[in-house]
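> Need the 3D shape of this:
(one chain, ligands or ions: 7)
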Amino acid sequence: MSSCTSGVYLLTVFFTLSSIALAQFPRECVSLQTLTSGECCPGLFPQQTPDANDRCGSTLGRGQCLPIVADSRPHGPEYTLDGMDDREQWPTRFFNRSCRCNGRFDGYNCGSCKPGWTGDNCDMQIVVVRKNLMELRDGEKKRFVDALDLAKRTVHPDYVIATRHYANLIDFNQNTTNFENISIYDLFVWTHFYSVSKTFLGLGNGSAGGIDFSHEGPAFLTWHRFHLLQLERDIQRLLDDPSFALPYWNFAIGGNECDICKDDLMGARSNFDPNMLSQNSIFSRWQVVCQFVEDYESLGTICNSTAGDPIRRNPAGNSDRPMVQRLPEMEDVAQCLEVTLFDTPPYFSNSSDSFRNSIEGYSEPSGRYDSTVRTLHNLAHLFLNGTGGQTHLSPNDPIFVVLHTFTDAVFDEWLKRHNADSSQYPLENAPIGHNRQYNMVPFWPPVTNSEMFVTAPENLGYSYQVQWPGRTLTITEILTIGVIAALVLVAFVFAVISCIVHRRHSKSEVLQPLLGDQYQRYAEDQKENAVMVKTDESMNTQIKKL
Ligand SMILES: *[C@@H]1O[C@H](CO)[C@@H](O)[C@H](O)[C@H]1NC(C)=O
Ligand SMILES: *[C@@H]1O[C@H](CO)[C@@H](O)[C@H](O)[C@H]1NC(C)=O
Ligand SMILES: *[C@@H]1O[C@H](CO)[C@@H](O)[C@H](O)[C@H]1NC(C)=O
Ligand SMILES: *[C@@H]1O[C@H](CO)[C@@H](O)[C@H](O)[C@H]1NC(C)=O
Ligand SMILES: *[C@@H]1O[C@H](CO)[C@@H](O)[C@H](O)[C@H]1NC(C)=O
Ligand SMILES: *[C@@H]1O[C@H](CO)[C@@H](O)[C@H](O)[C@H]1NC(C)=O
Ligand SMILES: *[C@@H]1O[C@H](CO)[C@@H](O)[C@H](O)[C@H]1NC(C)=O
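Ligands and ions are numbered 1, 2, ... in the order given. Below is the predicted model:
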């Protein structure tokens, strides 16, 4: 009996400790009582210690229940309805207090570890490697596809979704609240939908645009980075494998072929309908959520877990828009990595010379703004011509995941090359939700844009294995290099002549043994040295790839 109890206890401890804390509200916080208290600070071991003092694992020194700080700096002019949207100053319309975790602890109840740390006490460091989907071994491909499918079918262990705006969240006639369970993958879809949905103006008044918490502004990169991290960590926990990493799709391959659209990867085209997925792909059985956008916008309901149509996709199929029938090129990636400023006023989809607007794809890769172009990230979405090409629905197509990991890889490379720190991220006057200290909508517990504006391997526990293109040189640079090379050559010839003259005078006894030694070592044991050299080379590549 006692061994059984301790077994149950250990299991509970295990699940609570491995819990990760990202996204909508924890199931423990959506009761009428908790919601009206404005405080979401669950205990770390609710089953063991219903004691209110154990909130946020405080008895273990993991965290504390503290007031939430929301950004109140001015936002840009795109959104004019201040006071009308319950996502403003996220998440204070819903909660004013949350767990703030110490050190390496993280999560809605401080029961999990900050990215990059693992173990019961979060004292083991871990960096997972995100690899090219096309270069995975067959077993790894299957593992990834199966993991997505399992996430699509498994109810999220911690989080539930609101199905109404704040005004209608509580049903005072029945003393109930409007929240639903949702699967891990559908939560990923819902979160994106919620961040882009319009402002509801009341029954009969419709909804208004001018608001997007995750696109057309600097938060585009930080928001999607956190979104992916959440899915990756949810899947790590689902598989009980802290080394699981999301792969990426290098979409910058030009041409009109979708190389990852194969049945062992993201699904081939159906033989019967060019807009659908092949029956041999597991993804042909997926049904989209958040499809009934018109309902949500007119009735003020928000997307719930109701399943809709299958995924549609017709790569390179948009004959009305030839521009989106070809994927971006690696040269485009090389160019956007050269843009020196992270973002520029008005920090919007018409910013010029903005790295963010270039990789997002509203300006040319070089940074020049042109309202008609669609490049890089945007182009890869539009190329799909279907579910993955519509902002409200796009994460329903699992290509979204690998399209965004690549976008995030470019972001990480930019952060590294430009030694970025958060002072390069706009503090104010970015569109609503996009200021540096804004809590990203709708993640829980609160996390700011600036927290994601850091290099991933050192701060977020993942790295990318990517071979980045060298940049192409301008004519001036080629000429400069030519002149320098000529000077070096002249100097070298001069040095060699001096040496020969010198050697004729003093016999070269000092130089020769060294040269001979080196030569002999390679000659003596060719086999072993060849292996050694190979190991060295692969080590070098590893280091370079990190
Ligand atoms: C949080 O605090 C703000 C400002 O004091 C207040 O307007 C809001 O109603 C509070 N929210 C909750 C959920 O208590
Ligand atoms: C709802 O809660 C209020 C306040 O706690 C109470 O007065 C009321 O009777 C409850 N209504 C129902 C239907 O339970
Ligand atoms: C969700 O599922 C859990 C566990 O099955 C259940 O206890 C709960 O009532 C469900 N609904 C909500 C809104 O949490
Ligand atoms: C619709 O808008 C009008 C005018 O702004 C306002 O008076 C009315 O209360 C709104 N209706 C609802 C249901 O919010
Ligand atoms: C869920 O969404 C569907 C489609 O908009 C709607 O018909 C249904 O009433 C919603 N359910 C809830 C509980 O809001
Ligand atoms: C797909 O392409 C067709 C034209 O061939 C176009 O009419 C349609 O709007 C596109 N759909 C999406 C979702 O991009
Ligand atoms: C960018 O777009 C906004 C909103 O349409 C407009 O007010 C602003 O003048 C534009 N700025 C530039 C630099 O094009």
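> When you work out contacts or count neighbours from here on, use the C-alpha atoms and nothing else.
Noted.
> Could I get the contacting residues of Glu88?
Shown in contact with Glu88 (CA atoms under 8 Å, 6 or more residues apart in numbering): 82, 432-433.
> Give me the mean pLDDT for the helix or strand Ala485 falls within.
Ala485 belongs to helix 475-505 when assigned by DSSP states H and E. Mean pLDDT, helix 475-505: 75.
> With stretch 106-117 instead?
On average, stretch 106-117 scores 95.
> how close does the residue in the stretch 1-150 of the chain that ligand 5 sits nearest to get to Phe94?
Among the residues of the stretch 1-150 of the chain, Val30 lies closest to ligand 5, at 15.3 Å counting by CA to the nearest ligand atom. According to CA to CA, to the nearest Å, Val30 and Phe94 sit 10 Å apart.
> before we move on, the earlier item: and the contacts of Glu88, which is closest to Gly461?
Using CA to CA, Gly433 comes nearest to Gly461 of the contacts of Glu88, at 25.2 Å.
> returning to what we had before: if you rank the contacts of Glu88 by neighbours, which is first?
With neighbours defined as other CA atoms under 10 Å, the most crowded of those is Gly433; it has 30 neighbours.
> Spatially nearest residue to that residue (excluding sequence neighbours)?
Once flanking residues are discounted, Gly433 sits nearest to Phe213: 5.1 Å by CA to CA, 6 or more residues apart in numbering.
> Quick check, that neighbour in contact with Asn439.
No: using CA atoms under 8 Å, Phe213 makes no contact with Asn439, being 10.1 Å away.
> Return every residue with contacts to both of the two.
Applying CA under 8 Å, 6+ apart, one finds that Phe213 and Asn439 are jointly contacted by Gly433.
> Compare the two (neighbour count), which wins?
With neighbours defined as other CA under 10 Å, Phe213 and Asn439 compare such that Asn439 has more, 28 against 25.
> Can you name the residues that contact the residue lying closest to the more buried one once chain neighbours are set aside?
Spatial nearest neighbour of Asn439, chain neighbours left out: Thr448 (4.3 Å); criterion: CA to CA, 6+ apart. Contact analysis of Thr448 by CA under 8 Å, 6+ apart lists 436-440.
> What are the boundaries of the strands in the stretch 151-300 of the chain?
Secondary structure of the stretch 151-300 of the chain (DSSP state E, counting those that start in this stretch): strands located at 159-162, 170-171, 176-177, 179-180, 199-200, 207-208.
> most neighbours per residue, which of those?
strand 159-162 (a mean of 24; mean count of other CA atoms under 10 Å).
> Report the distance from that strand to the chain centre.
21 Å (CA atoms, centre = their mean, to the nearest Å).
> cool, and stretch 227-243?
Centroid separation for stretch 227-243 versus its chain: 12 Å, with CA atoms, centre = their mean.
> Can you mark which positions in that stretch are buried?
By neighbour count, with 16 or more other CA atoms under 10 Å as the criterion, the buried positions of stretch 227-243 are 227-238, 242.
> That stretch - what's its average pLDDT?
On average, stretch 227-243 scores 97.
> Stretch 39-48 now?
78.
> quick check, it touching ligand 1?
No: judged by CA under 6 Å from any ligand atom, stretch 39-48 and ligand 1 are separated, with a smallest distance of 7.4 Å.
> surely Asp86 meets His165?
Yes: if you go by CA under 8 Å, Asp86 and His165 touch, sitting 7.2 Å apart.
> Surely His381 is in a helix?
Yes: when DSSP: H, G, I helix; E, B strand; the rest coil is applied, His381 is found to be in a helix.
> For it, list the residues it contacts.
Applying CA under 8 Å, 6+ apart, we find His381 in contact with 388-390, 394, 400, 403.
> quick one: the helices in the stretch 101-250 of the chain?
For the stretch 101-250 of the chain, the helices defined by DSSP state H, counting those that start in this stretch cover 138-153, 184-196, 219-239.
> From the contact counts, what lies against the shortest one?
Read that as helix 184-196. The contact analysis (3 or more CA pairs under 8 Å, 6 or more residues apart in numbering; DSSP states H and E) places helix 184-196 against helix 138-153, helix 219-239.
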